[in-house]
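Undergrad: When you get a sec, could you give me coordinates for this:
(one chain, ligands or ions: 1)
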Amino acid sequence: MVVIATKNNTSYAICGGYGHTQLKEAVVPDFGVDVAKRSLSAKNMFVHQKLPSGDVFSLMRLLRGTYLPAMDDNNGLSVLKKLSGPTLNDELGARLDGGTSLLVDAKLDIRGVIGIIDKIEYDVILRKPIIEIESLPSVPNALSAELTKELYSRLDKKKLDGLVVDVDHGVRQNAETVTLSGSPCSLSVLSNIQELVESADSSKARHAHSAQVVVSTSSEELLSAKVGELVEGELSYKGTLYFRVDGQWFQVTKELIKRIESDFSNIDEMTFAESRLWAWPLKSSAIPKAKGCQCKKASKYICETCYLSLQPKGLGLIETHVQKVRQIELCDLVDPNNDRLLHIKSDVGANLRVLFSQGCVSGVLLDNDSEFRKEADSKFGYQFGKAKHVVFAIFPHKKGKKNVPDIFSLYAKIDIVQRARILRAHGYRVSYCIIDEA
Ligand SMILES: [Zn+2]
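TA: Purely as a prediction, here's the structure:
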């Protein structure tokens, strides 16, 4: 149900049930936030934010506990989704919840609702905001539609740099089957954008972006959405950079880019020689396929598993990727001579978040949890307490693409910067290294 009330030249929609879905393209972004900023008590409110890189920060959020914006140095990287809490005086109800829309906690008939619209129109919106929260600016609807169109055309052309699949962690964990426009496909499409778009392209859908993804368990449907709706990431459009988070577009400010670049420049780049790793070979019949090989038809290079199986004699690196400790992969290799934890991945851009996430989760656990460390020590015959250097070794897997700007999109930079911050707080040195091709 949607009731439209017009005041002066502004229309307000009062929605019931799923009525709000009819209004998606028409509403003013952040209307509810604007009202909340002027009506909530700064002390007791709750801030709902989302970081641009989706669930990679879930561990960090967990550690942080109750959200305190004043103490949160990620605030500038966050997207403000909602403010909620008790109102300063009860003119707008006892509590309110302001995001795109406004939800008030009050027993009202339709006349009461109109009264609230009056209040907002003639009083609240004219006040100065009480609460100021730094976050990325959302973009107006017309531009938003343009950006979505551009994104969909890139998906259909398989130009996927800087884009990732954003499916809730819970959905991914519980998923038993996935279908794309009716045809069953692998669960891995929920985390691999390349695979998702390629599968969508070969499905019955007219365009890759419009293929319908349905995720289910044996008893219920967990998610049903179009491919295009599940994609987030960064998009450079007419010279400006935008983030898409939860289907919404945000403009990346110049100040933010400057700050990220400066933080990123503080992460040490290790030379390939110093890493003691070996060059990454092209596929050839002379290279035997390793157990668990994931070599891809489309790639000219061997897969990570095959690469790791080619360790030259005499290096003495411990192969920690072969066994997990309590479901956690510690790292791919340990260099016991230099006490380094080496994390290796053949990828670029936003997909590197898996690598940085693994490095961070295992680093924090090894430092915090002595029982976990003991298990790791006995499994691999090495004292993990000594390893205080995390190295992310990246193979860009595209010919001629081996410079930092080719590998690190802004998303990837944000990711590694955040992960490095956490790891440093746990006493680690953090480096990245670009692996040469053979
Ligand atoms: Zn392989």
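Undergrad: Pretty sure residue 264 sits against residue 415.
TA: No - look at residue 264 against residue 415 with Cβ atoms under 8 Å: they stay out of range, at 10.2 Å. (C-beta placed from N, C-alpha, C; glycine too.)
Undergrad: Those two - which one has more neighbours?
TA: residue 415 (25 against 18; other Cβ atoms under 10 Å).
Undergrad: Spell out which residues of the chain are next to the ion.
TA: For the chain, the residues in contact with the ion (Cβ under 5 Å from the ion) are 293, 295, 303, 306.
Undergrad: before we move on, back to that, now for residue 264 and residue 415: what residues contact both?
TA: Here residue 264 and residue 415 share no contacting residue, scored by Cβ atoms under 8 Å, 6 or more residues apart in numbering.
Undergrad: Burial check on the nearest residue to residue 328 once chain neighbours are set aside, number of neighbours?
TA: In this structure, residue 328 finds its nearest non-sequential neighbour in residue 362, 5.7 Å apart by Cβ to Cβ, 6 or more residues apart in numbering. Applying other Cβ under 10 Å, we find 24 residues neighbouring residue 362.
Undergrad: Can you pull out the residues in contact with stretch 256-268?
TA: Residues contacting stretch 256-268 (Cβ under 8 Å, 6+ apart): 76-77, 136, 241, 408, 410, 413-414, 416-417, 420, 429-432.
Undergrad: Next up, the contacts around residue 408.
TA: 264, 349, 352, 416.
Undergrad: so of the residues of the chain next to the ion, which ones are in helices?
TA: Members of those lying in helices (criterion: DSSP state H): residue 306.
Undergrad: Now render the residues of the chain next to the ion as a markdown table, adding pLDDT.
TA: A markdown table is the format used below for the residues of the chain next to the ion (pLDDT from 0 to 100):
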| residue | pLDDT |
| --- | --- |
| 293 | 92 |
| 295 | 91 |
| 303 | 94 |
| 306 | 96 |
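Undergrad: For ChimeraX, write the selection for the buried entries among the residues of the chain next to the ion.
TA: Typed into ChimeraX, the line below selects the buried ones among these, using 16 or more other Cβ atoms under 10 Å:
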select :303,306
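Undergrad: thinking again about what came up before, just say helix, strand or coil for the residue nearest to residue 328.
TA: Reduced to three states with DSSP: H, G, I helix; E, B strand; the rest coil, the structure at residue 362 is helix.
Undergrad: these two touch, right, it and residue 334?
TA: No - taking contacts as Cβ under 8 Å, residue 362 lies outside contact range of residue 334: 11.0 Å.
Undergrad: any shared contact partners between the two?
TA: Common contacts of residue 362 and residue 334, defined by Cβ under 8 Å, 6+ apart, comprise residue 341.
Undergrad: one step back: of the contacts of residue 408, just the buried ones, PyMOL syntax please.
TA: Buried residues within these, by 16+ other Cβ under 10 Å, are selected in PyMOL with:
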select buried, resi 264+349+352+416
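Undergrad: Give me the mean pLDDT for the helix or strand hosting residue 118.
TA: Assigned by DSSP states H and E, residue 118 falls within helix 110-122. Helix 110-122 comes out with an average pLDDT of 87.
Undergrad: Same check on stretch 334-350?
TA: Stretch 334-350 carries an average pLDDT of 94.
Undergrad: What are the buried residues along that stretch?
TA: So stretch 334-350, judged by 16+ other Cβ under 10 Å, has buried residues 334-336, 340-350.
Undergrad: can you tell me which of those residues are in strands?
TA: Within these, residues falling in strands by DSSP state E are 334, 335, 340, 341, 342, 343, 344, 345, 346.
Undergrad: Looking at those residues, which one is closest to residue 30?
TA: Distances from residue 30 to these, taken as Cβ to Cβ, are shortest for residue 345 (36.8 Å).
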